[in-house]
Structure formats: C-alpha cells, structure tokens
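Enquirer: Quick check, what structure comes out for this input:
(one chain, ligands or ions: 1)
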Amino acid sequence: MTRMDYDLTILGGGSGGLTAARIAASLGARVLLIDKERLGGECLYTGCVPSKSLIHVARMVHQATAAATRVGLTMSRVEIDMKQVADSIQGVIKRVEEAERIYTDDVTVKFGAVSFQSPTTLIVDAEKITSRATIIATGSHPAHPPIEGIAETGYLTNEDVFQLTQLPESLLIVGGGPVGVELGQALARLGVQVTLVQGPERILPREDSDVSEAIAGVLQSEGVKLVTKARVLKAEKSGSKKRVSVKQGEQIVTFETDEILLATGRQPNIDELNLDAVGIAYDTQGIKVDDYLRTSRANIFALGDVIGGYLFTHVAAYQAKIAVRNALLPVGRKKVDYRVLPWCTFTDPEAARVGLTYAEAQQRHRQVRVISFPWADIDRAQTEHATAGFIKLILAGKKEEIVGAHMVGAQAGEMLGEIALAMQHHLSVSDILDAIHPYPTLHTGLQQALFEAYLTGPQARSNRAIVGAALRLRR
Ligand SMILES: Cc1cc2nc3c(=O)[nH]c(=O)nc-3n(C[C@H](O)[C@H](O)[C@H](O)COP(=O)(O)OP(=O)(O)OC[C@H]3O[C@@H](n4cnc5c(N)ncnc54)[C@H](O)[C@@H]3O)c2cc1C
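Expert: Purely as a prediction, here's the structure:
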C-alpha cells in the first residue's frame with residue numbers, strides 16, 4: 001500500500017476543524033490542518049466571541065440605566081466610547097485565541113489556498129500532499145440577498161460590525177434570525193435607532209411561538225422597530241443617508257437610515273476547493289453528507305457550517321468527534337444524532353431551547369404534556385431584578401421524560417446543559433428532582449418547574465394512592 005503523507009487532513013481551522021485536529025492528534029494520527037488565512041474561524045473573530053462581548057457591554061449600559069431608574073435616579077444618557085468598546089472586544093478575541101493554541105499541539109499546520117486533485121491528493125499553494133482521509137470544515141460566509149442597489153449604498157455584515165469605532169445614529173437590519181435579533185438589541189441599547197426587517201411573520205421563526213413573541217415584546221419595549229412579513233427590494237443613496245424600499249403585503253414602505261446591516265443567513269465556503277474534480281456532491285445549502293458525515297467520496301468527510309443544517313459552534317465540535325472517529329476507524333462507524341440539540345439566542349433575556357416543540361412531540365409520542373413556569377417565581381430572578389420570561393417543558397411518555405424545553409429568562413442558556421444531560425440519559429422528572437440543587441440559583445427554577453410537573457403528574461397520583469392506603473391501615 002502507498003504510504004500517505006498524513007492519516008488525516010482537515011481543511012479549515014475554525015470551531016469544527018480545530019476540534020477535529022485535536023481529537024485526531026490525541027488518538028495518535030498524523031494530522032495536517034490547512035486554513036486559508038488564520039486559525040479560529042467565524043466564531044472567534046466575527047461570530048460568537050465578538051457578538052457576546054458586544055452584548056455584554058450593551059447589557060452593562062442597560063442595567064446601569066435600569067438600576068438607577070429603579071431607585072429613583074434619573075441618569076442622563078450613558079456616554080459610550082466605541083473605540084474603547086471595539087478595543088475591548090479585540091482584547092477578548094486575543095485571549096480566547098491564545099487559549100485555543102492548545103488545539104494544534106502535535107498537529108502540522110499550513111496556511112494557503114487548498115484544492116483537491118484526487119480523493120487522496122491535495123494541492124496547497126504549489127505543494128502536493130497525500131492524505132488517507134480528509135475532513136472539510138471550511139465554514140460559511142454571510143449570504144447576500146438580491147437587493148437592488150445595495151452594492152452601491154454599501155452595508156455591514158457580521159464581518160465588519162464588531163470593528164466599528166463609531167456607531168451610526170440609525171440602522172436598518174435585514175433578517176430577524178438569531179444574528180439580526182442579538183445585534184439589534186445590543187446596538188439599540190448602545191443608542192442606535194434600530195429597525196429590523198424580517199420576511200417571516202415573526203422574529204426567531206425557528207423558536208416556539210411563545211418564545212418569539214416574548215423576545216419581540218422585549219425588543220419593542222426597548223425601542224427596536226420590527227417590520228415583519230416584509231421584503232427589502234431596493235437600497236439607494238439619499239443625501240448622507242440610505243433609503244431602503246421594503247415590500248410589506250401590497251405596500252411599498254421606505255425607510256431612511258444611516259446604515260444597513262445584512263443578517264440574512266449563510267452560504268457555504270466551497271468555491272475554491274475544486275469539489276467537482278473529485279465528484280463531491282453539494283448544493284446551495286452546502287456539501288451533502290450522510291449520517292456518518294461522509295461526503296459522496298468515502299474517505300472525505302465534512303462538518304460544521306459547510307454542510308448547512310444547524311449552524312452552531314457546539315454542533316461543529318460535536319460533529320468533529322463523529323467525523324474523526326469514522327475517518328480513522330473503518331469499523332463500527334458512528335452516526336450523528338441530533339435528538340438532544342441545545343441552542344441559545346443571546347438576547348437579554350436569553351431564548352434557550354433544546355429538543356422538540358409541543359407540536360413535534362405530539363407527532364412522535366403518545367402521552368405529551370406541557371409545564372409552564374414563570375421566571376418571576378424563581379427567587380434568584382427576583383433578587384437580580386431580572387424576572388421576565390418563563391420555562392416551558394415538554395414531557396412525554398409514561399416515565400415523563402423531558403423531550404423539549406423552551407425558555408426565556410436571564411441566563412436561561414446556562415440551564416440547557418443540565419436539561420441536555422437529563423435528556424441524553426433519559427432521566428425522568430423524579431430523577432432530576434432527586435438531585436439536590438443549590439439555593440438560590442436560577443437552576444432551582446428548573447426544579448420548581450419539575451416539582452409542579454411531579455405534583456400534577458402520574459407519579460404523584462400513584463404516591464398519593466400508596467400513602468392514602470398506608471394511612472387508612474393505621475387509622
Ligand atoms: C454573528 C454570529 C454570532 C454567532 N454566535 C454563535 C453563538 O453564540 N453560538 C454558537 O454556537 N454559534 C454561533 N455562531 C455560529 C458559529 O460561529 C459557527 O456555526 C461556527 O463558527 C462554525 O464552525 P465551522 O468550523 O463550521 O466554521 P468556521 O469556524 O467558520 O471555520 C472555518 C474555517 O475555514 C477556513 N476556510 C474557509 N475557506 C477555506 C478554504 N477554501 N480553504 C481552507 N480554509 C478555509 C476559514 O478561514 C475558517 O478558519 C455565530 C455566527 C455569527 C455569524
């Protein structure tokens with residue numbers, strides 16, 4: 001058998017590629033990681049890390065004003081030095097970047113333009129490299145919808161918004177998914193007049209409708225103008241401003257704005273890889289893979305944003321484990337399983353979700369019930385003056401397992417780990433209740449919600465019958 005230069009080559013050193021490289025190297029494989037420019041990917045430079053840093057600053061501003069108002073103080077506008085904010089965001093990126101260096105221990109790293117010559121041969125700049133298996137993890141870039149005139153007026157995306165050293169007075173955001181909604185709230189809290197234009201009927205259309213409605217209410221109460229069921233048709237210059245024409249129903253509405261931000265989804269990074277030469281199938285959503293993350297070439301795998309579907313850092317990292325295993329071990333291959341898939345939209349309050357909606361659960365399970373619990377009934381929410389939101393749990397089956405959770409609340413995303421673990425291991429309501437939770441944490445909210453579920457559920461009915469019989473015997 002011809003000796004290959006590497007056991008595994010990974011294209012793209014972002015969230016998925018770095019995790020894959022670290023796992024494969026830890027298993028003793030000869031690993032090559034190739035990135036076209038730098039390690040870290042979207043999440044580090046233009047996605048999760050800068051967006052959560054900006055959201056943090058915006059929350060500080062909002063909390064300072066809210067706290068002052070609560071005790072009867074009137075604060076004049078908080079002055080924001082955007083140059084310092086941008087510098088502090090870059091500082092966070094730098095520190096995370098340093099912590100990620102460990103991911104390339106025992107991994108050969110190359111930078112440059114890479115393309116396939118054959119299923120086992122890659123060209124990096126002018127160098128020819130052979131590899132037994134390859135994982136494509138080249139991520140995605142912002143989609144650009146066909147809006148007439150937008151190239152001429154100019155616009156922002158997540159690739160440049162975090163470097164702004166001066167904020168526009170007004171901003172029209174196109175797209176009401178997680179990116180548009182998170183940035184819309186954060187920038188409004190920093191003093192920008194935000195208008196958010198959205199195609200579907202509600203913002204965050206992938207969420208439970210109660211969640212979308214609650215977040216829409218919060219945004220509107222903070223001054224974000226929501227324009228739903230609307231399509232941006234045209235952008236043009238209007239003096240120092242930009243005029244945007246939007247079709248809403250049969251009407252054309254125009255908005256004058258200082259800046260436009262596109263948050264209209266993602267497109268896979270596949271153009272430069274020469275996929276056609278090796279017969280790897282793809283479409284506009286990304287590279288086609290099977291349940292083993294195999295592309296149409298048996299020794300080439302793909303994961304993360306480049307395959308479409310669930311575009312999250314933690315999903316790319318999860319897929320990395322599966323892809324590396326299947327690439328290095330030809331027997332007992334492992335399939336992906338998205339039954340327990342948590343995600344969070346980092347608005348304030350956060351919108352957190354894992355598993356099925358009520359309607360989805362009804363299609364798959366016979367006994368389904370919903371438990372709703374107000375966030376305000378969590379003592380810690382009261383002490384923190386952060387009472388907006390709710391916990392909605394979808395329970396199913398005789399054992400009453402959680403099959404879905406939909407939450408709106410301050411730091412609601414932090415609860416997802418516990419719920420995901422419970423779901424992964426098919427724990428029942430009583431199993432979670434039996435674990436002692438420290439008081440007063442927000443996690444006690446989950447226990448309170450589950451206690452309500454227990455009291456109104458079959459287990460309590462059966463316990464009441466047993467205790468009732470025991471008491472009657474003693475009377
Ligand atoms: C504003 C924003 C906020 C987000 N917030 C969150 C969040 O809070 N939580 C969350 O889970 N997800 C979040 N995401 C999504 C998350 O960033 C992505 O899902 C994640 O980065 C995908 O990882 P990946 O490995 O597939 O791609 P990436 O991390 O983007 O890595 C791809 C790598 O491939 C390289 N590359 C590209 N083309 C080539 C090529 N031709 N050859 C070689 N290398 C190439 C790139 O340079 C890059 O380093 C956010 C995204 C955005 C835009």
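Enquirer: Write out the residues of the chain neighbouring the ligand.
Expert: The chain has residues 11-17, 34-37, 41-43, 47-48, 51, 114, 137-139, 158, 179, 269, 272-273, 304-306, 311-314, 316, 346 near the ligand, with proximity defined as C-beta under 6 Å from any ligand atom. Where C-beta positions appear, they are placed from N, C-alpha and C, glycine not excepted.
Enquirer: and the gap between the residue in the stretch 201-350 of the chain that the ligand sits nearest to and Asp431?
Expert: Nearest residue of the stretch 201-350 of the chain to the ligand (C-beta to the nearest ligand atom) works out as Gly304 at 2.2 Å. The spacing between Gly304 and Asp431, counted by C-beta to C-beta, to the nearest Å, is 33 Å.
Enquirer: rewinding a little: give me the PyMOL select line for the residues of the chain next to the ligand, limited to the buried ones.
Expert: Buried members of these, defined by 16 or more other C-beta atoms under 10 Å, are picked up in PyMOL with:
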select buried, resi 11+12+13+14+15+16+17+34+35+41+42+43+47+48+51+114+137+138+139+158+179+269+273+304+305+306+311+312+313+314+316+346
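Enquirer: so of the residues of the chain next to the ligand, which ones are in strands?
Expert: Among the residues of the chain next to the ligand, DSSP state E puts Leu11, Ile34, Asp35, Val114 in strands.
Enquirer: Is it correct that the residue of the stretch 201-350 of the chain closest to the ligand is in contact with Ala316?
Expert: Yes. The pair Gly304 and Ala316 passes the contact test of C-beta atoms under 8 Å, sitting 3.5 Å apart.
Enquirer: Give the residues shared as contacts by these two.
Expert: Residues touching both Gly304 and Ala316 (C-beta atoms under 8 Å, 6 or more residues apart in numbering): Gly14, Ser15, Gly16, Ala137.
Enquirer: Make TSV from these and add pLDDT to it.
Expert: Converted to TSV, those look like this (pLDDT from 0 to 100):
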residue	pLDDT
Gly14	98
Ser15	98
Gly16	98
Ala137	98
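Enquirer: Pull the number of nearby residues for Val340.
Expert: Val340 is flanked by 17 other residues according to other C-beta atoms under 10 Å.
Enquirer: Check the closest residue to the ligand within the stretch 101-250 of the chain and give its pLDDT.
Expert: Residue nearest to the ligand within the stretch 101-250 of the chain: Gly139 (2.6 Å; C-beta to the nearest ligand atom). Looking at Gly139, its pLDDT stands at 98.
Enquirer: ok, now Met1?
Expert: pLDDT, Met1: 63.
Enquirer: all helices of the protein, in order?
Expert: 15-26, 41-45, 48-70, 82-99, 150-153, 178-189, 209-221, 313-328, 358-364, 379-383, 416-424, 429-434, 443-455, 458-474 (DSSP state H).
Enquirer: Using CSV, lay out those helices together with distance to Leu196.
Expert: As requested, those are exported to CSV (distance: least, C-beta to C-beta, whole Å):
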stretch, distance to Leu196
helix 15-26, 27
helix 41-45, 22
helix 48-70, 15
helix 82-99, 21
helix 150-153, 17
helix 178-189, 5
helix 209-221, 7
helix 313-328, 24
helix 358-364, 26
helix 379-383, 27
helix 416-424, 25
helix 429-434, 37
helix 443-455, 29
helix 458-474, 44
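Enquirer: of the ones you listed, which approaches Ala133 most closely?
Expert: Proximity to Ala133 (C-beta to C-beta) singles out helix 313-328 among the helices of the chain, at 4.0 Å.
Enquirer: Gly149 versus the residue nearest to Gln193 when sequence neighbours are not counted, what's the distance?
Expert: Counting by C-beta to C-beta, 6 or more residues apart in numbering, Gln193 lies nearest to Ser170, which is 4.2 Å off, once chain neighbours are set aside. Remark: distance between Ser170 and Gly149 (C-beta to C-beta) = 18 Å.
Enquirer: Could you check how far Ser296 is from Thr138?
Expert: In this view, Ser296 and Thr138 are 17 Å apart by C-beta to C-beta.
Enquirer: Let me fix that, I meant to ask about Asn158.
Expert: Taking C-beta to C-beta, one finds Asn158 at 17 Å from Thr138.
Enquirer: One more: Ala351?
Expert: 29 Å.
Enquirer: same question, Gly91
Expert: Taking C-beta to C-beta, one finds Gly91 at 28 Å from Thr138.
Enquirer: and if you look at Ser428?
Expert: From Ser428 to Thr138 the distance is 42 Å (C-beta to C-beta).
Enquirer: What does the pLDDT read for Ser430?
Expert: For Ser430, the model assigns a pLDDT of 89.
Enquirer: For the nearest residue to it once chain neighbours are set aside, give me its contacts.
Expert: Distances taken as C-beta to C-beta, 6+ apart put Gln459 closest to Ser430, at 5.8 Å, once the chain neighbours are dropped. Taking C-beta under 8 Å, 6+ apart, we find Gln459 in contact with Glu400, Ser428, Val429, Ser430.
Enquirer: Tell me the bridge partners for the second one.
Expert: Each beta-bridge partner of Ser428 is listed here: Glu401, as defined by DSSP bridges.
Enquirer: ok, it touching Val403?
Expert: No. Taking contacts as C-beta under 8 Å, Ser428 lies outside contact range of Val403: 11.7 Å.
Enquirer: So for the chain, the centremost residue is which one?
Expert: In the chain, the C-alpha nearest the mean C-alpha coordinate belongs to Phe312, at 4.6 Å (C-alpha atoms, centre = their mean).
Enquirer: Let me see the contact set for the residue nearest to Gln193.
Expert: Val192, Gln193, Val194, Thr195, Glu256, Thr257, Asp258, Glu259.
Enquirer: Which single one of these is nearest to Ala281?
Expert: Distances from Ala281 to the contacts of Ser170, taken by C-beta to C-beta, are shortest for Glu259, at 38.8 Å.
Enquirer: thinking again about what came up before, among the contacts of Ser170, the buried ones, what's the ChimeraX command?
Expert: To isolate the buried ones among the contacts of Ser170 in ChimeraX, judged by 16+ other C-beta under 10 Å, type:
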select :192,193,194,195,257,259
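Enquirer: Just send the contacts of Ser170 back as JSON lines, with distance to Ser245 and pLDDT too.
Expert: Listed next are the contacts of Ser170 as JSON lines, based on distance: C-beta to C-beta, whole Å; pLDDT from 0 to 100:
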{"residue": "Val192", "distance to Ser245": "21", "pLDDT": "97"}
{"residue": "Gln193", "distance to Ser245": "19", "pLDDT": "98"}
{"residue": "Val194", "distance to Ser245": "18", "pLDDT": "98"}
{"residue": "Thr195", "distance to Ser245": "13", "pLDDT": "98"}
{"residue": "Glu256", "distance to Ser245": "11", "pLDDT": "98"}
{"residue": "Thr257", "distance to Ser245": "12", "pLDDT": "98"}
{"residue": "Asp258", "distance to Ser245": "17", "pLDDT": "98"}
{"residue": "Glu259", "distance to Ser245": "16", "pLDDT": "98"}
